[in-house]
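> how does the following fold in three dimensions:
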Amino acid sequence: MYIDGSWVEAQTGATREVYDPADQSVIGVVPEGDATDVKRAVAAARRAFDEGPWPRMAATERAALLFRVADLLEEKLDEFALIDTLDSGKPLRDSAGDASDAVGCLRYYAGLVDKPLGQAYNVSDPDTQSFVVREPLGVCAQIIPWNYPLMMAVWKLAPCLAAGNASVIKPSVNTPLSAIRFFELLEEAGLPAGVANLVLGSGSTVGQALVEHPGVDKVAFTGGNVSGRKIMQAATGTFKNISLELGGKSPCIVFDDVDMDVAVDWALFAIFCNQGEVCSAGSRLLLQSSIHDDFVQRLAARAQRIRVARGTEEGAEMGPLVSVEHMQRVLDYIELGRKEGATLLCGGERLTSEQFAKGNFVAPTIFDHCTSDMRIVREEIFGPVLTVQTFETEEEAVALANDSKYGLAAGVFCRDVSRAFRVIKALRAGITWINAYHPTFNQAPWGGYKESGIGRELGTFGLEEYTEVKQININLADGPVGWFAN
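The predicted structure follows:
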């Protein structure tokens, strides 16, 4: 772990093995921290923020360091792609894209942080100049998921550090390796001691200790709703600032005027990209009934041709799921779908032939004739499982799409631009696409409605999440206020 500018073991000496999900081989042994290590890390971050140079530097100085980190990361893209592929299972082409996105995120916030962030006001008193400035929040606890280990770490660290905060970051126990390597780059770039700290360990120990620690000013979390709810409850003890990027059960709506092959291609990408281990996955396919039969036939045929393989293999299109436990959870949902009466079009099984025997491989799975009361339609599966429903009218499509406790993402495929835009405006989702699904950009905010979270990452919104707003009023007139007769 990395605490106060030094590489350290857990104080207890405990360790945890890290596994390759393609064959369950051990690829690393890392420290297993606990609340004691959290206290050390928060104390270091507290000193760095309260007494150190980082929040007092010119924004351009902080930006220069982030640009150096981006350059170092860009030089090692292949290495980081391999680390994330070995750690999480995803194909190398996916990991390479994640690493490139991380470079872009660092450069975006390095370039943004010296741009205007305040406001000035013409108030009713001509002798008063009133304005606001944005200042760093303080010490931020940042808890990272396992599906995008490097990219999500950078999504949180880049705006946090750019704004002048200090951080204690906790990666997932399943995928800690790229975070460790990334902290080596931060050290090489010259980040002052204590500004960023890395503590490894479980959510129930390290995560809980971070959320409850009175020295932490903000908690930023990406993960499941159960953990998000616990964090929200725990943060009330000290009224911490929180941002939560949680689950999704996002609709992909296809109208009958589309180019069928193009829409099928996007529908596959929406659900099976990254093995379906994506919070914004288009896991609910809503088809206009007139194109249903032809569409699902083409969709299932294409899905069965997806090349499932170890992520390091040439041409791999879908890798193993991240852990044995998560694979079993997905398989349990598939069995539930059968019991609920959905029609299995393809997949529905763990792959167990020779090259898959020791890994967490699940075939791309599609359920047809689904209804909104089914658990496979309502609950986030977070795997390569797609449900299909039909609609007749635009109004029915919107009603089906919004019939969810989640509101993270949504896509609409339609050649009628007016209709597509009407539907997008009616959907209760924070990230939407028309005639596309999944492309994301560092310049645009990321986050959802309803139980999909609180706050936004990326863009100017992501930087503001790591700042406090301070009002400043300057009295330009000399003399007393004269409020009391004396």
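> strands along the stretch 201-350 of the chain, start to end?
Under the criterion DSSP state E, counting those that start in this stretch, the stretch 201-350 of the chain contains strands at 218-222, 241-245, 251-254, 284-288, 343-346.
> let's have these in TSV, adding distance to Asp332.
(Each C-beta comes from the backbone N, C-alpha and C, glycine too.) Shown next, in TSV, are these (distance: least, C-beta to C-beta, whole Å):
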stretch	distance to Asp332
strand 218-222	24
strand 241-245	25
strand 251-254	23
strand 284-288	19
strand 343-346	15
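> what about Ala153, how many residues nearby?
Residues near Ala153, counting by other C-beta atoms under 10 Å, number 25.
> same for the strand or helix carrying it, what does it pack against?
According to DSSP states H and E, Ala153 maps onto helix 149-162. On a contact count with 3 or more C-beta pairs under 8 Å, 6 or more residues apart in numbering; DSSP states H and E, helix 149-162 meets helix 59-75, helix 77-88, helix 92-112, strand 139-143, strand 166-170, helix 177-189, strand 218-222, helix 459-464.
> any idea how far Leu200 is from Thr36?
13 Å (C-beta to C-beta, to the nearest Å).
> more neighbours: which of these two?
More neighbours surround Leu200 than the other of Thr36 and Leu200, with 25 against 13 (other C-beta under 10 Å).
> show me what contacts the more buried one?
Going by C-beta atoms under 8 Å, 6 or more residues apart in numbering, Leu200 touches 1, 10, 16, 30-33, 170-171, 173, 176, 206.
> is Leu331 in contact with Val362, as I believe?
Yes - assessed by C-beta atoms under 8 Å, Leu331 is found in contact with Val362 at 6.7 Å.
> quickly list what's touching both of these two.
Arg350.
> which ones are touching Ile143?
Taking C-beta under 8 Å, 6+ apart as the test, what Ile143 contacts is 169-170, 203, 207, 210, 219-223, 231.
> how many neighbours does the closest residue to it other than its chain neighbours have?
What sits nearest to Ile143 in space, not counting adjacent residues and going by C-beta to C-beta, 6 or more residues apart in numbering, is Phe221, at 4.5 Å. By other C-beta under 10 Å, the residues close to Phe221 number 30.
> how much space separates Phe221 from Leu246?
8 Å.
> mind listing the shared neighbours of these two?
Taking C-beta under 8 Å, 6+ apart as the contact rule, Phe221 and Leu246 both touch Gly228.
> next, the angle strand 241-245 makes with the helix holding Ala153.
Helix 149-162 runs at 150 degrees relative to strand 241-245, counting by axes from the mean of the first three to the mean of the last three C-alpha atoms, to 10 degrees.
> from the chain's centroid, how far away is helix 149-162?
Centroid separation for helix 149-162 versus its chain: 10 Å, with C-alpha atoms, centre = their mean, to the nearest Å.
> pLDDT on it, on average?
For helix 149-162, mean pLDDT rounds to 98.
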